[in-house]
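A.B. asks: The following block contains a protein sequence and its predicted model.
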Amino acid sequence: MSTQDSKEHIQTLENGREYYGNEKIAYLLPHDIDECGRLEKQHSAFRYIFQKNFWAPVRTQLEEGITVLDSGCGPGSWTLDMAKDFPNSKFHGVDISNVFPDETKPDNCEFIIGNLTETLPFEDNTFDYVHQRLLILGLTNSGWEKCLSELLRVLKPGGYIEIHEPNMKDLFNGGPLLEQVHIALAEMMESRDIPITIATELKNRVTETGFVNAVETLDFLPLNHGGRGGELIWSDYYHGYMNIRPMMAKSNPKWGNLEAYETFLGNCASEANTKETNIGWYTIYAQKTLN
């Protein structure tokens, strides 16, 4: 995978990890090969748990052949999976980071660099279906407004948008250790005007943007309990929090010590297992008006 883009946006922090240093990019997670690997495993976890890749009623269209955008595609795991499942459709992935596969992609799949908070490199009414997942750590309040407006612009009349986000503010059956983690996360996000409650706001936000016929579903992701699915979600949760440790340590200096932080997250794992903690997973799909 290539990581040769936009090096002027990157700053290196702690143990050689690379994070965005450009104030125009709110993304809290690192920009490196390890993070790409986490995202690829994350996609596999979601497919294992849900046994599907999409919720919007577009299967027939996908089978016949439509044009699809994966917004904030990262290393393109969802894009590639869908392109293989639906060879008659054309898939485009867009992301601020060029971590896309250079060669190992099907002919019906393309990737391009683009900032979702600016004008996307696509014409009006280009896509029949737009998918976006887990940008909770990447968009400010104004960024969400701009992103949704751009996705509305590039979507064809009658086309579907589908967005997935977790509720990271309120866990189901959380405990005091996990609460410490989420309070620190909330403080970090609020300091950058990143809405931690975006999952529960999505339906209203897409409606206010101009989308219609919005449908909201709520699923529950088991955190380190309930079998293989819970193990996979915990693995991603742990890996993600390890990857934002430099920012988390600003909230609690003790977490600046790697061993102490790992021990703390290990105790969180035990707590989640005992209490059978779940993360609320919100899915919204809606349409662009025909007018």
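C.D. replies: Received the coordinates, thanks.

A.B. asks: I'd like to know how far the closest residue to P222 other than its chain neighbours sits from I183.
C.D. replies: Distances taken as C-beta to C-beta, 6 or more residues apart in numbering place G230 nearest to P222, at 3.7 Å, with adjacent residues excluded. No exception for glycine: its C-beta is placed from N, CA and C like everyone else's. From G230 across to I183, the span is 23 Å (C-beta to C-beta, to the nearest Å).

A.B. asks: Which residue of those two possesses the greater neighbour count?
C.D. replies: More neighbours surround G230 than the other of G230 and I183, with 20 against 13 (other C-beta atoms under 10 Å).

A.B. asks: any idea of the pLDDT on that one?
C.D. replies: Note on G230: pLDDT of 98.

A.B. asks: three-state assignment of it?
C.D. replies: The three-state assignment at G230 reads helix, by DSSP: H, G, I helix; E, B strand; the rest coil.

A.B. asks: Identify the residues contacting the most centrally placed residue in the chain.
C.D. replies: Geometric centre of the chain, nearest residue: L134, 1.7 Å, by C-alpha atoms, centre = their mean. Residues near L134 by C-beta atoms under 8 Å, 6 or more residues apart in numbering: Q42, G72, H164, E165, P166.

A.B. asks: Assign the spatially closest residue to L232 that is not a sequence neighbour to helix, strand or coil.
C.D. replies: Counting by C-beta to C-beta, 6+ apart, A45 is the residue found nearest to L232 once chain neighbours are left out, at 3.7 Å. Three-state call for A45 (three-state DSSP): helix.

A.B. asks: Surely A45 is in contact with W234?
C.D. replies: No - applying C-beta atoms under 8 Å, one finds A45 not in contact with W234, separated by 9.7 Å.

A.B. asks: where do the helices sit along the stretch 1-150 of the chain?
C.D. replies: 33-50, 59-64, 77-85, 141-154 (DSSP state H, counting those that start in this stretch).

A.B. asks: Those: which one's closest to L265?
C.D. replies: Nearest to L265 among the helices of the stretch 1-150 of the chain is helix 33-50; the distance by C-beta to C-beta comes to 14.5 Å.

A.B. asks: ok, and for that closest one, which residues are buried?
C.D. replies: Within helix 33-50, the residues scored as buried using 16 or more other C-beta atoms under 10 Å are E35, C36, R38, L39, Q42, H43, A45, F46, I49, F50.

A.B. asks: The fifth one is in contact with D236, isn't it?
C.D. replies: When you say that, I think you mean Q42. Yes - Q42 is within contact range of D236, at 4.7 Å (criterion: C-beta under 8 Å).

A.B. asks: I'd like to know how many residues surround Y241.
C.D. replies: Neighbours of Y241 using other C-beta under 10 Å come to 18.

A.B. asks: ok so it is a strand residue?
C.D. replies: No - judged by three-state DSSP, Y241 forms no part of a strand; its state is helix.

A.B. asks: Give me the contacts around stretch 56-72.
C.D. replies: Against stretch 56-72 from outside (C-beta under 8 Å, 6+ apart): 76, 78-79, 82, 85-86, 88-96, 116, 122, 126-135, 138, 147, 151, 154, 160-162, 285.

A.B. asks: So which bits of that stretch are buried?
C.D. replies: A56, V58, Q61, L62, I66, T67, V68, L69, D70, S71, G72.
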